[in-house]
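1. here's a sequence, model it:
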Amino acid sequence: MKYRLSVIRKIPFSLSLTALLLLQACAEDTGSFSEELANEAAAYQDSGDALLSAGSEPETGAASAGDEDGSDVDADEDLDGDLSVSTVTPGSTGSDNEDADTTDSESDAGSDADSDVVSGGSTSESEPDVDSDSDSDSDSDEDDAVADNSDADVVEEETEEPVVSIPSYSTDTRQSLFSEPVTLPACDAADPDVAFIDDVSDLSMLNDSDKRVFCISPNDYRSFGEITLSADGSSAEPRVLRLYYDGLDDDTPIALVPESERAILPNFILSNADYWLFDRISVVGVSGSDLAMHIDDGSEGTTLNRVDFHDFERGIDIEDGGHNTLIQNSLIGDMRVSGDYVCIGLKGSGDYDKEIRNVKIIGNELYNCNDGIQAIFHPWKGNSADFAGLSIIDNDIYITDELYTDGSGNYTTSGDRACAENAMDLKAGSDDAANPVRVTGNRMWGYRWTDSNCGNGNLGSRGSLISAHYDAHNIIFSDNIFYDAGRGLTFSDTETSGYYANDVIVKDNVFHGMSTDYFSNYSGNAPHALLISGSYTHGFTVEDNVFVDSSMWLYNDADDNSFNCNVVLDGGSVGKMSGSSLSASGNAYFATNALSIDSNPIEYGSVSDAQHEPLCFTRKRQSSPETYCLSNVMPTESSPHNCANNVDDLAG
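-> Model (predicted):
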């Protein structure tokens with residue numbers, strides 16, 4: 001199976017996802033792709049498809065937002081993952097301090113606390129404190145984007161253990177496997193639709209009705225000031241702003257474009273401007289600019305392909321009606337820390353009901369933002385928010401030790417706090433069960449307990465990589481890697497009547513290293529991998545996940561949830577297992593106490609009994625691709641269980 005999988009994944013990335021799916025169908029009987037991932041891809045390709053089926057269960061899920069609610073469970077997360085390029089040996093602690101929500105810290109780009117840490121197998125009833133994700137009522141949850149185009153060297157892992165590594169990505173083009181096809185029109189001077197931009201003053205022609213394709217030469221254009229676009233394209237013929245110079249290959253990613261050959265632009269406002277395509281432009285902040293791109297109300301069909309946005313307070317804001325926005329294969333980060341600002345924000349909060357449908361965020365590197373992605377919604381404002389079809393796929397989302405602090409507002413790379421909150425803060429989900437929110441195939445690390453002195457005192461989180469709350473419903477979390485952070489995935493409801501996390505699938509994910517071995521200063525709030533809590537939170541399917549080295553692998557006090565065929569190695573304690581209509585069956589426990597409700601547990605005394613292999617994968621895929629390994633993650637043919645067998649799809 002692994003051989004066939006590798007063959008499928010060597011298909012050139014220029015093939016459309018549709019073609020890939022056809023190939024998958026032909027090879028279906030070989031088990032070359034996991035059923036779940038294939039179904040996920042098919043559902044992603046056709047947003048009208050029914051929910052993925054995880055096992056035989058219909059998938060409806062709720063994703064949630066970061067710590068902004070203050071609900072009764074920890075819904076906060078902090079992102080202080082320091083990334084440092086280093087070689088990690090599977091099975092050993094990757095000693096680069098990545099996230100020190102407590103004490104652990106990852107170093108700059110590659111050192112996460114992802115090694116096999118042996119925790120205990122005890123059970124405790126301690127309750128995690130509430131992560132008060134500071135979602136200050138203002139819609140200021142936004143992004144900061146900075147382009148961190150480092151080198152493209154692959155850091156090889158030295159390991160004495162057998163490693164299954166399946167290439168699914170090319171460091172030459174840096175295109176995600178799930179990229180949407182983008183056709184760039186030629187910069188042909190004979191074409192009357194084409195205009196060339198060489199000078200700052202030429203930017204004034206961007207709204208000209210007699211031109212559609214704008215080929216921009218390398219230059220610093222920021223003296224022009226804010227650019228407002230109001231002209232419309234169409235889905236068949238979008239208006240295009242693309243980088244152009246002699247010798248530029250259409251396959252060259254933005255990170256490999258030399259600084260001297262870039263078009264550096266000021267911030268943009270799309271004012272009711274439909275169907276714009278931006279390719280390989282750089283938007284870099286200047287004094288007084290706080291938002292890189294504002295996709296204002298009613299601006300539909302925006303595509304940001306291979307862009308580099310950085311040095312702002314916020315990256316990209318997508319307002320009501322910003323349907324079918326595509327952001328892919330881009331670098332967005334290094335936002336100025338001055339509040340609850342994010343790399344990419346879907347603005348669902350306000351005084352009227354808002355819909356932002358079918359947004360796709362694919363194959364990006366989002367770094368050093370307070371929140372990497374935030375789906376914003378504030379129940380107390382009286383409106384509703386619908387993010388149906390939101391697809392967050394194959395992204396790297398992290399913070400480095402540049403954002404770590406000593407807990408008193410002072411930056412230090414050895415700190416165990418951070419001026420950041422979450423990789424994702426999901427405060428609402430989808431109102432259409434057939435078109436859920438999908439969070440699939442992402443790699444997240446580095447977040448720490450938030451330093452309350454940061455962001456004018458408006459930030460708060462316990463280092464959760466994903467915090468989901470308020471109206472987070474109909475969400476699928478699958479095939480993600482959570483590691484080197486104080487907390488993994490947290491769900492909670494609020495005291496606001498009628499809003500709660502429900503109908504969520506958590507499947508085929510990896511949770512690694514949420515342990516006091518890395519985060520020793522969490523005091524009464526043990527690091528935990530998965531928390532599902534709240535008096536109204538309900539309807540979760542949790543299956544085929546791998547939990548390694550946790551102080552508390554699970555906390556549940558919610559109803560109507562099932563836990564099946566998960567694999568837990570050194571899972572520590574279960575903080576709580578209460579609620580009505582709960583079920584569990586066939587989970588495998590290694591050096592971990594079984595759930596008391598498990599009807600068919602598989603139990604072994606040591607981690608080595610699991611006979612798992614390291615999981616090695618490529619991270620920082622846009623800026624400086626490197627291989628990183630997590631120990632004891634991948635089941636083998638010798639493993640004494642038949643769960644989590646799709647985890648090998650995450651390798652490569």
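2. residue 204 belongs to a helix, doesn't it?
-> Yes - assessed with DSSP: H, G, I helix; E, B strand; the rest coil, residue 204 lies in a helix.
3. what's the burial count for it?
-> Burial of residue 204 is recorded as 11 neighbouring residues (other CB atoms under 10 Å). Backbone N, C-alpha and C define where each C-beta goes, glycine included.
4. from residue 584, how far off is it?
-> Distance, residue 204 to residue 584, by CB to CB, to the nearest Å: 64 Å.
5. one more: residue 501?
-> Distance from residue 501 to residue 584, by CB to CB: 20 Å.
6. more neighbours: which of the two?
-> It is residue 501, of residue 501 and residue 584, that has more neighbours when counted by other CB under 10 Å, with 37 against 24.
7. which residues in this protein form helices?
-> Per DSSP state H, the chain carries helices over the ranges 2-9, 17-26, 35-45.
8. need the least confident one among these, by mean pLDDT.
-> The stretch with the lowest mean pLDDT among those is helix 2-9, at a mean of 31.
9. what pLDDT does the model give residue 341?
-> Residue 341 carries a pLDDT value of 78.
10. check residue 160 too.
-> Model confidence at residue 160, given as pLDDT, is 38.
11. next up, the contacts around the residue nearest to residue 212 when sequence neighbours are not counted.
-> Excluding the flanking residues, the one nearest residue 212 by CB to CB, 6 or more residues apart in numbering is residue 193, at 4.4 Å. Shown in contact with residue 193 (CB atoms under 8 Å, 6 or more residues apart in numbering): 185, 211-213.
12. residue 208: neighbour count?
-> Look at residue 208: counted by other CB under 10 Å, it has 12 neighbours.
13. correct me, but it touches residue 195?
-> Yes - between residue 208 and residue 195 there is a contact under CB atoms under 8 Å: 7.3 Å.
14. just put the contacts of residue 193 in CSV and tack on distance to residue 554.
-> Shown next, in CSV, are those (distance: CB to CB, whole Å):
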residue, distance to residue 554
185, 52
211, 58
212, 54
213, 53
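15. in strands, which of these appear?
-> residue 213 (DSSP state E).
16. ok, so of the contacts of residue 193, who is nearest residue 561?
-> residue 185 (50.3 Å; CB to CB).
17. show me the contacts for that closest one.
-> 191, 193-194, 213, 240, 242.
18. same thing but 7 Å
-> The contact partners of residue 185, by CB atoms under 7 Å, 6 or more residues apart in numbering, come to 213, 240.
19. separation between it and residue 528?
-> From residue 185 to residue 528 the distance is 50 Å (CB to CB).
20. what's the burial count for residue 562?
-> 17.
21. er, residue 191 actually
-> The burial count for residue 191: 13, using other CB under 10 Å.
22. and the pLDDT for it?
-> Here the pLDDT value assigned to residue 191 is 98.
23. now it. Nearest residue, chain neighbours left out?
-> Excluding the flanking residues, the one nearest residue 191 by CB to CB, 6+ apart is residue 213, at 7.2 Å.
24. residue 312 now?
-> Closest to residue 312 by CB to CB, 6+ apart is residue 285, at 4.2 Å.
25. wait, isn't the one you found in contact with residue 311?
-> Yes - at 3.8 Å, residue 285 and residue 311 qualify as touching, with contact defined as CB atoms under 7 Å.
26. who's more crowded, those two?
-> residue 285 (24 against 18).
27. from residue 248, how far off is the nearest residue to residue 211 once chain neighbours are set aside?
-> Once flanking residues are discounted, residue 211 sits nearest to residue 195: 4.3 Å by CB to CB, 6+ apart. Applying CB to CB, the value for residue 195 to residue 248 is 17 Å.
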